[in-house]
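Asks: here is a sequence together with a model predicted from it:
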Amino acid sequence: MARRKPTFGIGHRFAVASLAIGVALVAALVVVQTRGAKRAIRERARIGADVALEQTAALCRDRLAKGQGRALYGALLPLVGLQRFVSIDVSDPDGRPIVQLTHPERHRGFTQDPDGRRADDDVVEFEQLLADGDRALGTLRIGLWVRGINDDLDRITRHGWTTGLGLCALIAFLSWALGARLSRRLRRLTDEIQRRGPDDFSPLDARGTDEVAQLAGAFNRRQDRLREERARRMTAEAHRQDMVHMIVHDMKGPLSVFRSGMPLIRERLSADARLGRMAEMLSEGAGRLLRMAENILNVARVEDPDAPIEKKPVDLAALARARVDAAAEAGREKAVAVSLEAAQGLPSCLGDPDLLARVLDNLLLNAIEHTPKRGRVRVGLSSADGVLRLEVLDTGPGVPASERERVFEKFRKGRAVSGGAGLGLAFCRLAIDRHGGRIGVADGEAGRGARFVVELPLTARSAAGPKRAAGSSSSSAS
């Protein structure tokens with residue numbers, strides 16, 4: 001059994017959709033949370049810088065207002081040693097430096113970035129004027145170390161995206177696992193349904209409460225309804241078949257007696273031409289009714305798929321010769337010549353001899369019935385391409401192209417003149433179909449009349465055997 005090529009099923013589409021939605025949500029969450037965290041850190045840094053600036057400015061104002069400029073150096077020296085400070089510069093109103101202090105482990109690169117955004121340097125400078133009332137005391141400049149803040153912001157960004165990517169990977173794995181599981185269950189359910197034969201009504205595994213289990217349960221309920229409907233139809237069909245067989249069987253007895261007595265009645269009424277013709281018509285009608293009853297039984301038999309069909313090698317040439325000889329008598333009554341042309345050394349075919357004989361009888365009687373007086377019916381047999389080909393040609397009105405499929409339907413009459421119920425050709429198609437062959441109708445020779453063609457498969461041994469040169473043999477009656 002060929003392995004099925006994997007397909008991008010509904011489960012995988014569900015997985016991809018879930019992954020896309022999950023990635024979008026995680027990305028949005030990471031961006032929002034990271035921005036919020038950065039905003040909070042910047043705000044705290046600004047507040048801290050404002051507090052440091054205000055405290056340092058208050059210290060400087062107090063000392064400068066008291067004229068303790070020299071003591072200011074000693075007061076500010078401990079501050080510049082703190083972690084956040086890089087430099088502290090105090091100048092007088094004329095811009096002359098009073099105090100210049102630098103952290104021993106920091107550089108004095110300054111940048112004007114009061115919002116605390118990352119710049120090329122790691123120091124942010126703040127400046128404030130010092131005054132005592134209306135008297136200017138000088139200017140204070142402090143540089144604050146912001147690398148730690150920037151490192152914290154970078155760390156938050158990295159942590160946010162790392163966490164987000166981890167969540168995305170987890171969502172991808174779970175989505176794909178769920179999608180693959182759903183696809184496997186749907187594929188198993190589909191394969192199980194496709195493996196079921198037309199007569200297999202066994203239930204599927206419907207355990208669970210999800211949609212796949214509900215689908216299997218719905219299929220099982222449908223199977224139950226189909227099984228009940230099939231049982232009902234089989235019972236009705238069996239009753240119909242029994243009734244048809246009973247009616248036809250009861251008809252055949254009186255019809256046979258009636259037909260067998262008609263020659264004697266016709267002989268006694270031969271003196272009166274009108275009564276003799278009436279007796280002849282009654283005899284033909286009885287024969288037609290008898291054939292109709294037999295056709296009903298034959299069609300009922302081949303329509304039943306459980307009815308056995310015997311399959312054994314059949315010499316179709318000998319069978320056709322016997323049926324042509326039997327049909328010759330009916331042809332004489334209508335002044336119609338019936339002949340057989342068969343290739344020499346034809347191989348056998350597998351089939352039911354009784355059914356094939358009835359197919360030949362129906363085709364011959366149909367051709368004779370639709371052939372006018374002094375017409376001709378010819379049966380041809382040949383083999384080619386692993387099939388036996390049987391042709392029945394007549395010189396009647398033919399079958400129009402629009403009617404060539406309908407003539408094989410039950411209760412259809414495809415020709416202008418027909419005395420049956422439209423079951424003979426329907427039986428022929430059903431019987432040939434049961435043999436694995438084909439039957440059709442085309443124009444006769446030179447576009448005149450009808451040509452019924454039957455193709456039957458040869459047996460394996462005969463089809464592989466050597467082909468002999470074709471010859472011909474014929475028998476005729478007029």
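Replies: Yep, that arrived.

Asks: next, count neighbours for the residue nearest to Ala131 when sequence neighbours are not counted.
Replies: Among residues not flanking Ala131 along the chain, Leu137 sits closest, at 5.7 Å (Cβ to Cβ, 6 or more residues apart in numbering). All C-beta atoms are positioned from the backbone trio N, CA, C, and that covers glycine. With neighbours defined by other Cβ atoms under 10 Å, the count for Leu137 comes to 22.

Asks: Leu137 in helix, strand or coil?
Replies: Classification of Leu137 by DSSP: H, G, I helix; E, B strand; the rest coil places it in strand.

Asks: what's it in contact with, if anything?
Replies: Leu137 sits next to Cys60, Arg61, Leu64, Ala65, Asp92, Pro93, Leu130, Ala131 when contact means Cβ atoms under 8 Å, 6 or more residues apart in numbering.

Asks: nearest residue to the fourth one other than its sequence neighbours?
Replies: It stands for Ala65. Asp132 (4.4 Å).

Asks: wasn't Tyr347 part of a helix?
Replies: Quick fix: residue 347 reads Pro, not Tyr. No: Pro347 is assigned coil when assessed by three-state DSSP, not a helix.

Asks: isn't it right up against Leu388?
Replies: Yes: counting by Cβ atoms under 8 Å, Pro347 touches Leu388, with 7.3 Å between them.

Asks: tell me which helix or strand Pro78 sits in.
Replies: Using DSSP states H and E, Pro78 falls within helix 69-80.

Asks: buried sites along that helix?
Replies: Buried positions in helix 69-80, judged by neighbour count with 16 or more other Cβ atoms under 10 Å: Gly69, Leu72, Tyr73, Leu76, Leu79, Val80.

Asks: what's near enough to touch the first one?
Replies: I take that to be Gly69. So Gly69 contacts Arg63, Ile98, Val99 (Cβ under 8 Å, 6+ apart).

Asks: give me the buried entries from those residues.
Replies: Buried members of those, counted by 16+ other Cβ under 10 Å: Arg63, Ile98, Val99.

Asks: among those residues, which lie within strands?
Replies: Counting by DSSP state E, those place Ile98, Val99 in strands.

Asks: hmm, back to that, after the helix holding Pro78, next one along is what?
Replies: That would be, after helix 69-80 and using DSSP H and E, strand 85-91.

Asks: other SSEs contacting that following strand?
Replies: Contacts defined by 3 or more Cβ pairs under 8 Å, 6 or more residues apart in numbering; DSSP states H and E place strand 85-91 against helix 10-65, helix 69-80, strand 97-102, strand 123-132, strand 135-145.

Asks: 7 Å instead, please
Replies: helix 69-80, strand 97-102, strand 135-145 (3 or more Cβ pairs under 7 Å, 6 or more residues apart in numbering; DSSP states H and E).

Asks: pull the longest one out as CSV, backbone CA atoms only.
Replies: Extracted as CSV, the C-alpha positions of helix 69-80 are listed here (Å, rounded to 0.1, in the frame of the first residue of the first chain):
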residue,chain,number,x,y,z
GLY,A,69,33.9,79.0,50.2
ARG,A,70,37.1,77.2,51.3
ALA,A,71,35.1,75.0,53.7
LEU,A,72,32.8,74.1,50.8
TYR,A,73,35.5,71.9,49.3
GLY,A,74,35.6,69.7,52.4
ALA,A,75,31.8,69.5,52.5
LEU,A,76,31.5,68.4,48.9
LEU,A,77,34.4,66.0,48.9
PRO,A,78,32.5,63.1,50.5
LEU,A,79,29.7,63.6,48.0
VAL,A,80,31.9,63.2,44.9
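
Asks: and it, average pLDDT?
Replies: Mean pLDDT, helix 69-80: 80.

Asks: likewise for stretch 360-376?
Replies: Mean predicted confidence for stretch 360-376 is 90.

Asks: list the buried residues for it?
Replies: When burial is assessed from 16+ other Cβ under 10 Å, stretch 360-376 yields the following buried residues: 360-371, 375-376.

Asks: extract the CA atoms of that stretch and return them as PDB.
Replies: Output in PDB follows, covering the C-alpha atoms of stretch 360-376 (Å, rounded to 0.1, in the frame of the first residue of the first chain):
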ATOM      1  CA  LEU A 360     -27.800 -14.400 -28.100                       C
ATOM      2  CA  ASP A 361     -31.400 -15.400 -28.300                       C
ATOM      3  CA  ASN A 362     -32.600 -11.900 -27.300                       C
ATOM      4  CA  LEU A 363     -30.300 -10.100 -29.800                       C
ATOM      5  CA  LEU A 364     -31.300 -12.500 -32.600                       C
ATOM      6  CA  LEU A 365     -35.100 -12.200 -31.900                       C
ATOM      7  CA  ASN A 366     -34.700  -8.400 -31.600                       C
ATOM      8  CA  ALA A 367     -32.900  -8.300 -35.000                       C
ATOM      9  CA  ILE A 368     -35.500 -10.600 -36.700                       C
ATOM     10  CA  GLU A 369     -38.400  -8.700 -35.200                       C
ATOM     11  CA  HIS A 370     -37.100  -5.400 -36.600                       C
ATOM     12  CA  THR A 371     -36.000  -6.700 -40.000                       C
ATOM     13  CA  PRO A 372     -38.600  -6.500 -42.800                       C
ATOM     14  CA  LYS A 373     -39.400  -9.500 -45.100                       C
ATOM     15  CA  ARG A 374     -36.700 -10.700 -47.300                       C
ATOM     16  CA  GLY A 375     -34.200  -8.900 -45.000                       C
ATOM     17  CA  ARG A 376     -31.100 -10.400 -43.500                       C
END
